[in-house]
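In: Structural data only, the sequence is not supplied:
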């Protein structure tokens, strides 16, 4: 994995021309020997990818992307549709859901990712960036427990739909007690 934080919450920090002229040759210098050995190469940058996404995914031809931030930064479902063969990491929101949501919010968001991307494979669920000190331990644990319970192939879509329905209905009436 190579970490190059080239994006911020409003988009790439550098122009596409700069990335192509200055960064791509250096990235290839790092990546090419790794891929020549048959290993996977993952690219890390926080923030909104914008015009940097096709440069990373197509021109660099990285095998995967880490992390994929939510909350107006990136839409993992669109990225999956555009790049179905790439490995995707993260996407349970570390800005809102993990630190400020309850365990049911965390479970529902995790289940959504498993439901919509899990059957295709190539997703490694976790935080959209990190599990930082504002994340209650029970929320982080719920994210991982949900992945272990529902994220095993073959994905049981019907049980995920039933669980999400129950979570959402009970959250609306504020009567949900965890089973």
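Out: Yep, that arrived. Everything numeric in this text was worked out from a predicted model, so none of it was measured.
In: Mind listing what's buried along the lengthiest helix in the chain?
Out: Taking DSSP state H as the criterion, the chain has its longest helix at helix 157-173. Residues 160, 163, 164, 167 are the ones in helix 157-173 that count as buried (16 or more other Cβ atoms under 10 Å). Quick note: C-beta positions are derived from backbone N, CA and C, even for glycine.
In: can you list those residues in a markdown table and add distance to residue 89?
Out: Shown next, in a markdown table, are the buried residues of helix 157-173 (distance: Cβ to Cβ, whole Å):
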| residue | distance to residue 89 |
| --- | --- |
| 160 | 20 |
| 163 | 23 |
| 164 | 22 |
| 167 | 24 |
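In: Tell me the one of these nearest residue 119?
Out: Nearest to residue 119 among those is residue 160, at 10.0 Å by Cβ to Cβ.
In: what are the ranges of the strands in the chain?
Out: With DSSP state E as the criterion, the chain has strands at 2-3, 7-8, 11-12, 42-44, 64-66, 87-89, 123-124.
In: Between those strands, which one is closest to residue 75.
Out: Residue 75 sits nearest to strand 87-89 of all the strands of the chain, at 11.5 Å, using Cβ to Cβ.
In: from the middle of its chain, how far away would that closest one be?
Out: Offset of strand 87-89 from its chain centre (Cα atoms, centre = their mean, to the nearest Å): 6 Å.
In: check contacts around the residue nearest to residue 93 when sequence neighbours are not counted.
Out: Closest residue in space to residue 93, ignoring its immediate chain neighbours: residue 70 at 4.3 Å, by Cβ to Cβ, 6 or more residues apart in numbering. By Cβ atoms under 8 Å, 6 or more residues apart in numbering, the contact list for residue 70 reads 76, 91, 93, 95, 96, 97, 128.
In: Show me where the protein has its helices.
Out: 16-18, 24-36, 52-54, 76-82, 97-100, 103-117, 137-150, 157-173.
In: I'd like these as JSON lines, with mean pLDDT appended.
Out: Formatted as JSON lines, those follow (pLDDT from 0 to 100):
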{"stretch": "helix 16-18", "mean pLDDT": "98"}
{"stretch": "helix 24-36", "mean pLDDT": "97"}
{"stretch": "helix 52-54", "mean pLDDT": "98"}
{"stretch": "helix 76-82", "mean pLDDT": "96"}
{"stretch": "helix 97-100", "mean pLDDT": "97"}
{"stretch": "helix 103-117", "mean pLDDT": "96"}
{"stretch": "helix 137-150", "mean pLDDT": "97"}
{"stretch": "helix 157-173", "mean pLDDT": "89"}
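In: For residue 9, which of those helices is the nearest?
Out: Once Cβ to Cβ is applied to the helices of the chain, the stretch that comes out nearest is helix 52-54, at 13.3 Å.
In: Any idea how far the closest one is from the middle of the chain?
Out: Distance, stretch centre to chain centre, for helix 52-54: 16 Å (Cα atoms, centre = their mean).
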